[in-house]
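Q: could you work out the structure for the sequence below:
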Amino acid sequence: MTADPNRPRLPVSYFAANRNNLFNCLGEESLAILTSGRAPHRTADEDYPHWTNRSFFYLAGLDQADAVLALHKTQSESRAVLFIPETDPMYERWRGHRATPEEAGLLTGIAEVRLLSGLPEWLDSQAQRPGLNLWLDESARDGQAAELKQQLAERHGGLLARAQNLEPLLVQLRMIKREDELAMLDRAIALTDRGIRAMLRRLEPGQMEYEVWAEFDHALAKEGCLNPAFASIVASGKNIFCLHYMQPYDRIQDGDLVQVDVGAWVGGLCADISRVFPANGRFTASQAALYEVVRQCQETAFATIQPGSTLAAVNEACRQTARRGLLDAGLMQPDEAITDYFWHNVSHHLGLDVHDVANREALLQPGMVLTVEPGIYMPARKMGMRIEDDVVVTKDGCRVLSRQILREAAEIEALMAEARR
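A: Predicted coordinates:
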């Protein structure tokens, strides 16, 4: 496995800096161990596709199953050791090339790369060090992580019993994005934009939801993104009331709203964008009124997101804006609860995962990347929608990273009209 010049990739310096930052969080005589993960079995002789543990990737930058990263800090040095599976010609004949130690060293910037078969003996030697503190990533729950724990229990049960959870330290570090990540996220958002425009040019009554869905995946695949950041959502009519709708087999009807929730994945970073479109190219008066209320909620969130604020404060501010907006538009009565229509939180963290690791109680800090996705759903009126953009917290507020993606109702109608000429 070598770096493909045609595929975007975070620089080796990014992963080295992440390792150094974690070393700074660890005390002396600490040993942190992370696994890259192993795909679960699917059926017969088939496994699910491998998806590398994101915290392992954050520190190592290697997308390969069954690898182990050990970070050992002593009084005199901080040392990273990477363990990778042995070369297996039969495996590679069927499943493709696996990195050699030399290739893994170049991809990760780790000088000491060993074969996985040597891990037990290496752990035996480290476990003899007096006062050693073991750290494990307790968020990893796949077969490889379980196997590692079993090996530790059999050979070093006392050390395992004292092990500390690495996850809070990783969360703290991963919540703050660096410029390399923001640059890659910009590319993911730009690709998402091109995919959304492809969907809009195709959308019209009579189509199947999956036809619109296919336009997005096709646009991404043409640029080398074969797997979106998450399963794309294209929901029309009553299906918009299923927030994570995954069965796009209905026919889109004239007058339907079509909710899309999509994101490209570039260089390890995930975009997450939601838009709602009128199937026939024009919002009705009531749909346009609801759209404006949701947009007001977005603007409230943009104004509320700043250092020292919280996700809870953003949610509450948007709920108040939604209530005022719906009352003013005549879409709800004063004795109704806004929670009847405001179904979900406004923001989550975004990064190497779509719902990135986070402490939701933490005060917002510069460098945090969030989604802003207020949604209002009114089944009795047969309409509902969410509008989602991605932002980064700055020293004095936030910057909308996805500002180039069509957001205003008039912009959407104009592009759909142009596509139908």
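Q: tell me the SS of Asn315?
A: Look at Asn315: counting by DSSP: H, G, I helix; E, B strand; the rest coil, its state is helix.
Q: show the model's pLDDT score for it.
A: As summarised for this prediction, Asn315 has a pLDDT of 98.
Q: contact partners for it?
A: Asn315 is in contact with Asn345, Val346, Ser347, counting by CB atoms under 8 Å, 6 or more residues apart in numbering. In short, each C-beta sits where N, CA and C put it, glycine included.
Q: what's the spacing between it and Asp142?
A: Per CB to CB, to the nearest Å, Asn315 is found 32 Å from Asp142.
Q: also Ala414?
A: For Ala414, the distance to Asp142 equals 47 Å [CB to CB].
Q: please say which of the two ends up with more neighbours.
A: Ranked by neighbour count (other CB atoms under 10 Å), Ala414 and Asp142 place Asp142 first, with 17 against 13.
Q: could you give the backbone dihedrals for that one?
A: Dihedral pair for Asp142: phi -80, psi 180, per degrees, to the nearest 10.
Q: surely it meets Arg38?
A: Yes - contact criterion CB atoms under 8 Å: Asp142 and Arg38 qualify, at 5.3 Å.
Q: can I have the buried ones of the contacts of Asn315 as a PyMOL selection?
A: Buried residues among the contacts of Asn315 (16 or more other CB atoms under 10 Å), as a PyMOL selection:
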select buried, resi 345+346+347
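Q: contacts only, for the residue nearest to Val357 when sequence neighbours are not counted.
A: What sits nearest to Val357 in space, not counting adjacent residues and going by CB to CB, 6 or more residues apart in numbering, is Val171, at 4.6 Å. Contact analysis of Val171 by CB under 8 Å, 6+ apart lists Val357, Ala358, Asn359.
Q: can I see the domain layout of this protein?
A: Annotated domains of the chain cover 12-174, 179-419 [automatic domain parsing].
Q: can you add distance to Asn6 and give the ones you listed back as TSV?
A: What follows is those, written out as TSV (distance: least, CB to CB, whole Å):
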stretch	distance to Asn6
domain 12-174	15
domain 179-419	7
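Q: buried deepest among the ones you listed, which one?
A: domain 179-419 (a mean of 19; mean count of other CB atoms under 10 Å).
Q: element containing Glu292, please.
A: Per DSSP states H and E: Glu292 is located in helix 285-304.
Q: now Met385
A: Take DSSP H and E as the rule and Met385 turns out to sit in strand 383-386.
Q: who touches that strand?
A: Strand 383-386 has contacts (CB under 8 Å, 6+ apart) with 240-241, 257, 259, 261, 274, 276, 286-287, 290-291, 294, 344, 373-378.
Q: need the next SSE after that strand, C-terminal direction.
A: As assigned by DSSP H and E, the chain's next helix or strand after strand 383-386 is strand 389-394.
Q: give me the angle between that next one and helix 285-304.
A: 20 degrees (axes from the mean of the first three to the mean of the last three CA atoms, to 10 degrees).
Q: strand partners of the helix or strand following strand 389-394, parallel vs antiparallel please.
A: For strand 389-394, the following helix or strand on the C-terminal side (DSSP H and E) is strand 397-400. With DSSP bridges as the test, strand 397-400 is paired with strand 389-394 (antiparallel).
Q: mind listing the helices for this structure?
A: For the chain, helices defined by DSSP state H occupy the ranges 12-25, 54-60, 89-95, 101-108, 119-127, 143-155, 157-161, 167-174, 179-202, 209-221, 285-304, 311-328, 409-419.
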